[in-house]
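Enquirer: predicted model follows, preceded by the sequence.
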Amino acid sequence: MFYLLFLVPGMLLMMWAQFRVQSTYKKYAQIGSSMGMTGAEVAEKILQEMGISNVSVEPVAGELTDHYDPSAKAVRLSEVVYGSTSLAAAAVAAHECGHVLQDVKGYKPMNIRAALVPAANLGSNIGPLLIMLGFGFNAAGGISSLFINIGIALFLGVVLFHVVTLPVEFDASNRALKLIDELGILQGEENRGAKKVLDAAALTYVATALYSLLQLAQLLLSRRN
């Protein structure tokens, strides 16, 4: 009952968000920008204009694998974004540069998210295992509750990570849209296309955060019952 009430709607929301981001990305990946700048050139221009010289722009294998690695000081763009002149590529490249600016300016939510990474990894790997063990030791009373409570406490780290991710990603997108407009990387209506790409991507973070909250609620209710 709890599974149907909480997790199924969350899974459906995540599936819809993934479909939305992929369909939106594919649509604007077929529309070239009037300036004809590749994703790599967009990133390099933004970094240059912002006076950031210690961050490299590199290609990375895969699709939608774009990210900024603060430890390596590298903006890594998927190969299709790196060499593409599409509106989607410009939006994604600018978004990752938005994370660079967060790093340079010491954006607190980004620092908090980075600090939560170990807790999130531990919670996602160990938390569910302890919870299952707790339910498996149901007849053992105190041992059962101990495992379940520790597992839920660890899983809380996952929830916090996804919640803190929201302002980090929203802020990076806002910075990106402002930059590509002010620097003339995209022109006129092209900026709307970039916004649609980044808005669709934001839905996946919202869906993931909501799903983790639903998982937590399901675990708390299961423990209570």
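Expert: Here it is on my side, so go on. Residues are numbered from 1 along each chain as shown.
Enquirer: which stretches of the chain have low pLDDT?
Expert: Applying pLDDT under 70 to the chain picks out residues 1-7, 136-143, 225.
Enquirer: so where do the helices sit in it?
Expert: 2, 8-29, 39-49, 79-82, 87-105, 108-125, 127-136, 142-182, 190-224 (DSSP state H).
Enquirer: next, the angle from the second one to helix 190-224.
Expert: By that I understand helix 8-29. 160 degrees (axes from the mean of the first three to the mean of the last three Cα atoms, to 10 degrees).
Enquirer: tell me which residues are up against helix 8-29.
Expert: 64, 80, 84, 86-89, 91, 193-194, 196-197, 200-201, 203-204, 206-208, 210-211, 214-215 (Cβ atoms under 8 Å, 6 or more residues apart in numbering). Yep, even glycine has a C-beta here, placed from its N, CA and C like the rest.
Enquirer: what are the phi and psi angles of Leu186?
Expert: phi -120, psi 150 (degrees, to the nearest 10).
Enquirer: correct me, but it touches Met35?
Expert: Yes. Taking Cβ atoms under 8 Å as the definition, Leu186 is a contact partner of Met35 at 7.2 Å.
Enquirer: who's more crowded, those two?
Expert: Ranked by neighbour count (other Cβ atoms under 10 Å), Leu186 and Met35 place Leu186 first, with 25 against 17.
Enquirer: skipping adjacent residues, who's closest to that one in space?
Expert: Ile180 (4.9 Å; Cβ to Cβ, 6 or more residues apart in numbering).
Enquirer: who's in contact with the one you found?
Expert: Ile180 neighbours (Cβ under 8 Å, 6+ apart): 42, 46, 90-91, 94, 186, 191, 194.
Enquirer: how does it look with 10 Å?
Expert: Residues near Ile180 by Cβ atoms under 10 Å, 6 or more residues apart in numbering: 33, 35, 37, 42, 45-46, 87, 90-91, 93-95, 97, 186-187, 190-191, 194-195.
Enquirer: just the buried residues out of the residues you listed, in PyMOL syntax.
Expert: Buried residues within the contacts of Ile180, by 16 or more other Cβ atoms under 10 Å, are selected in PyMOL with:
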select buried, resi 33+35+37+42+45+46+87+90+91+93+94+95+97+186+190+191+194+195
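Enquirer: returning to what we had before: now the buried members of the contacts of helix 8-29.
Expert: 80, 84, 86-89, 91, 193-194, 196-197, 200-201, 203-204, 206-208, 210-211, 214-215.
Enquirer: ok, now how distant is Ala90 from Gly106?
Expert: 26 Å (Cβ to Cβ, to the nearest Å).
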